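Engineer: Here's a sequence, model it:
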Amino acid sequence: MFVLSLLESAAGEVVSKVISLATDQLRLDIVWGFREEINKLKESSTLIGNIIHDAAHEPEDRKLRARADWMKRLISVAYNADDILDEIEYEVQRIVIKETSLDKKILGFFCNNPVLFRLKMARKINNINTSLDDLYKHAASVGLGMTRRSNGGAAASKDKRETTSFVDKNEFTLKDATIVGRDQVVSDIIATLTNSNNQENILSVMAIVGLGGLGKTTLARSVTKQLKEGEMKRYFDATLWVYVSNTFDVNSILHRMLESYDDMTGANLSSLEALIGSLQQKLKERRYFLVLDDVWNEDANNWDDLKRCLLQLNSAKGSSVIVTTRSAKVASIMETLPRCDLETLSDDECWSIIKDRAFADPNAPIPSDLEGIGRDIAKKCAGLPLAAKVLGSLMRSKNGSNEWLSILQSKIWQVSSDKEDSRIMSVLGLSFDNLESPLKQCFAYCSMLERGSSIERDNLIQLWMAQGFLHPSHGHQTEQEIEMEDIGNKYFETLLENSLFQDATEDEDDYGVIITRCKMHDLVHDLANEVSKCESWTSDFNHEMEDHEIRHVARVPTAILEKMPKSSISRLRSFFSNIGEVSNTIFPKFRALRVLSFCETENQELPYSLSKLKHLRYLDLSDAKIKALPESIGKLYNLQTLRLPWNLKKCPKVIQNLINLRHFYFGEEMKFEAGILGRLTNLRRLPFFNVGEERGPAIKELGGLNQLRGHLIIIGLEHVRDGEEAKKAGLVHKSHLSRLTFAWTDNEVPNENQTEVLDALEPHGNLQNLNIYHFMGARFPSWISAEGGEVVKVFPCLEQLMIDGCPSLESIRITQGMPSLRKLNIESCDKLSSLGSGLNYCTSLQELEIKDCYNLTSIPITQGITSLRELKIDSCWSLLSLPSGLQFCTSLEDLYITDCSSLLSLSVSILEEEEISQGVDAYLSVPEEHCRTIESILGRSLKLKYVRTVGFHHLTRLKTLRIGAFWEELDTFPHFQLPPNSQLEILSLFGWPKLKSLPQQIQHLTCLKQLWISDFKGLEALPEWLGNLTSLESLRIWFCENLKYLPTQNAMKSLTKLKYLYISGCPLLKERCTKETGPEWPKISHIPDLHFGNW
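Structural biologist: From the prediction side, this is the model:
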């Protein structure tokens, strides 16, 4: 059923595209002589399009299986028409190149007889028209009625299903991470993994077993997340994740462990010995937590081979492995710990998931009729979270009880449940069937992606674009100006919203916070394979390749490909190869290819016959071993995306002929001759622009690239002569750029010319992010800095500003024209002495970091910035005081000050202000790894001479305090006042050599759960009153070199909740705590988790 649905959608989309192309080409001079044939093609396609539209909306029981063959024939004819019209467009592009080329002899392959070309095209189009007429006549015989429409066509008609509103990215990511009904399971797994007995093993293995769609991977991810946070971090030093799936290959698993550790590809590590050696180096004496996701291997020998390798990585005790699998046999082979057999969810829990997805505000009242239907649908989920997610996402786009009833009464619930996956596959299929036609093609094409792989958003959209799935004609005529990339982004969001994509990864980059990567659940990938099997084939498929219908192939060995008939290869539109070496003889056969991916192949060169790929839109050589590009690449006029190997150093000049190139990727070592990049006026994405000296690219080449968007990095600005030359870059006209980086070569010679250049590089007001590196001028550009507070340039969208490595810069006077600025970083500006008063006008500023600015004496925040959440000041040696307006920064959460040696005293009166004290929960409740708040208020490494009694008595909700490391001549710790009945839970104390005791007031902190004691070098014994801290769970003692004695045994036994003790850098105490024999050992032997550092 779903295959037929895709066929109908694909047929409609291809025919719609043919109509659009034919309409466009009727206006071209080149079609003189066969304009009548093209017009006939348009009319025939319109009639066929109307039939397809009617078929898609007829009742299910009238759809006959015979339609599938009819649709396949139609798709084949429409693809041929698309190829012919594209060939005409290629000829137009070739003529444009010829007319604009400086060396017309280079392109002397021009057809000598244009009349022959026209006759050839006319003959081909006549054949297409004959085939369309035949299909139109036979439509009735397969149950397709003749449409009565007289105009409009497929392009004008619109699917009655409307695109749903897109979920806010932050909201969706949060929902995607939600885990329902598994809290206790997560706690049990963590308790088992961290049990002290299991921590004594070198390697422990736990299996999570359950049906597909039951949430095994989500559960493992939740466990991983918790083990990386807070107190749990102490159990494992590294967390690794490997998706295994059907192929259990030891080398591949070790390779992916390396990638998971530090994003290293390990491309040069092929031998088992080299992989183990690299992992040994990274995991030396480190406890690791490894997830092997979706394991199917039932051969014990394979697991033994991997286990031997894992045991060789290090000798540290306490490493653990979690295995997720559907097979109890797999679990029995691998597990050493009690198994987690995952149960299905209750109907109420399924309804909770559905409700969370179906409603923008799941806590708002729900109409009783909808809730009743929704709960009945929840019962159909069979307790599978994935089914509930998909159905909830689908129901979000349905309005009213009738549409919800249509889901409840759908025929999908009539499928047999003999197989465990049949119900969930039916639910996924229902979600697919509700997608709009172009989206069905986009989803089906995802079968080309490797199972379990991370899907890069931009790359997927570029693949869709290459196949013509994002043609603007998919919308109304008024949408002709919409960028294909924008259409692709909407499609991506819709698939994510419908839970067909999951595990979204957010990055804060070119467009702010955006989801840049995702994955497909293996069952969703199975659905993509199923619906696309009529046109696609990969090594993942479990059916034979029907080469006469296949259009897309992936991961297929060349030997199989070469056995295909030439006519079948000539129909291929996609070829993804990452296996071995691809024979050069096969390239001339790729007559219709739109996508060619050569990742990880062994080929070291591309054949000259590459020029035969006239239709090619996407070429990926990013991980190939190609050493040079052939001149023939300059004839790929339709190319939209080009990804080159990162180590390739030179491009042929003919790259300038790729006038349709939109996305260009290359490595930092790439060198271009002058004049090449400036010709690529359709570019949307350019990784960086390296200004050349004499023969390299001049900055004026950027002048015509006004379609650039996202992030543009300009390197080598020292090669720009003056402001007049810099102005030719035309940055002020590039309205689509969201992020700019200016970089000079790091040098130590002040250069007034650089000030003139930066003045001329004025960007467009839409800019969101600006980075300036190694600028050697003494003043900031006039368009962002002004004297006397005058507003010179308004940047209403600028959110982030980074100034780094500008040693000659003396002042930065921020204007009032940056109302959206939320993050300001100033680093390594040695001579910077003044920031001016403009900071007070940055009313949206949330983060301010100033580092290594040795001459800065003050930070002019006088009025207070109510939005400021984080202030970091590091290594500002001349700073005399904190900003006077800090007390008015009522949103402050994190204040970090270190290595500011000129601070003579530090007032903390800001903490006593009522506005601050009321917001202390946000002020100090930060994760442990970021706990710098109070530390920064009193400072570390500040060498303060005057420290008065510090009052924290207003901080009634204070949870975390980090304090200490004052002037080394002090012989007592300054008294600090805490509120009565303090709720303090985490306390870090930092001492110095003269201190011989801990602050007395600590003994009253009965809510304290974590205590850190560090650098009390004169301390010899911990006080007896430590036993009063009855809530204490964790105690860490660092670098107390003279410490010998713990409190008495009775006092230590009073700490009934103490589970964790860590001692490091305390050699005398460590010796006295020797297991069984040390005099302090009886005091701590009852503590479950004991650790002693190596210092």
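Engineer: Tell me which residues of the longest helix anywhere in the chain come out buried.
Structural biologist: Identified as the longest helix of the chain according to DSSP state H is helix 66-100. Neighbour counts over helix 66-100 (16 or more other C-beta atoms under 10 Å) mark 67-68, 70-72, 74-91, 93-95, 97 as buried. C-beta here means a position set from N, CA and C on the backbone, and glycine is covered the same way.
Engineer: okay, residue 255: pLDDT?
Structural biologist: pLDDT for residue 255: 88.
Engineer: just to confirm, which helix or strand has it in it?
Structural biologist: helix 250-262 (DSSP states H and E).
Engineer: Does anything pack onto that helix? Which helices or strands?
Structural biologist: strand 238-245, helix 272-282, helix 300-311 (3 or more C-beta pairs under 8 Å, 6 or more residues apart in numbering; DSSP states H and E).
Engineer: and these as JSON lines, adding distance to residue 345 and mean pLDDT?
Structural biologist: Listed next are those as JSON lines, based on distance: least, C-beta to C-beta, whole Å; pLDDT from 0 to 100:
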{"stretch": "strand 238-245", "distance to residue 345": "24", "mean pLDDT": "90"}
{"stretch": "helix 272-282", "distance to residue 345": "37", "mean pLDDT": "88"}
{"stretch": "helix 300-311", "distance to residue 345": "30", "mean pLDDT": "93"}
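Engineer: right, and these - which one's nearest residue 1088?
Structural biologist: Nearest to residue 1088 among the helices and strands packed on helix 250-262 is strand 238-245; the distance by C-beta to C-beta comes to 22.2 Å.
Engineer: That closest one vs helix 250-262, what angle?
Structural biologist: 140 degrees (axes from the mean of the first three to the mean of the last three C-alpha atoms, to 10 degrees).
Engineer: Excluding chain neighbours, what is closest to residue 753?
Structural biologist: With sequence-adjacent residues excluded and distances taken as C-beta to C-beta, 6 or more residues apart in numbering, residue 753 is closest to residue 722, at 6.4 Å.
Engineer: Look at that neighbour and report its pLDDT.
Structural biologist: Residue 722 is assigned a pLDDT of 91 by the prediction.
Engineer: burial count for the closest residue to residue 453 other than its chain neighbours?
Structural biologist: Excluding the flanking residues, the one nearest residue 453 by C-beta to C-beta, 6+ apart is residue 519, at 7.5 Å. When neighbours are defined as other C-beta atoms under 10 Å, residue 519 has 20 of them.
Engineer: Identify the bridge partners of residue 519.
Structural biologist: Following DSSP bridges, residue 519 is listed with bridge partners residue 502.
Engineer: That one is in contact with residue 500, isn't it?
Structural biologist: No - because the distance of 10.8 Å does not satisfy C-beta atoms under 8 Å, residue 519 is recorded as not touching residue 500.
Engineer: so how far is residue 241 from the residue nearest to residue 453?
Structural biologist: According to C-beta to C-beta, to the nearest Å, residue 519 stands 11 Å off from residue 241.
Engineer: Listing request: residues of the stretch 1-150 of the chain with sub-threshold pLDDT.
Structural biologist: 1-66, 100-116, 118, 141-150 (pLDDT under 70).
Engineer: List the buried residues of stretch 226-243.
Structural biologist: By 16+ other C-beta under 10 Å, the buried positions in stretch 226-243 come out as 227, 231-232, 234-236, 238-243.
Engineer: All the helices of the stretch 901-1050 of the chain, residue numbers only.
Structural biologist: 914-917, 920-924, 933-938, 1049-1054 (DSSP state H, counting those that start in this stretch).
Engineer: ok, residues contacting stretch 702-711?
Structural biologist: Stretch 702-711 has contacts (C-beta atoms under 8 Å, 6 or more residues apart in numbering) with 509-511, 662, 677-678, 680-686, 689, 714, 728-731, 733-741, 769.
Engineer: now do 7 Å
Structural biologist: Here stretch 702-711 makes contact (C-beta atoms under 7 Å, 6 or more residues apart in numbering) with 509-511, 678, 681-686, 689, 728-730, 733-734, 736-739.
Engineer: Can I get the buried part of the residues you listed as one ChimeraX selection?
Structural biologist: Buried members of those, defined by 16+ other C-beta under 10 Å, are picked up in ChimeraX with:
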select :510,511,678,683,684,685,686,689,729,734,737,738,739
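Engineer: I'm done for today, thanks for sticking with me.
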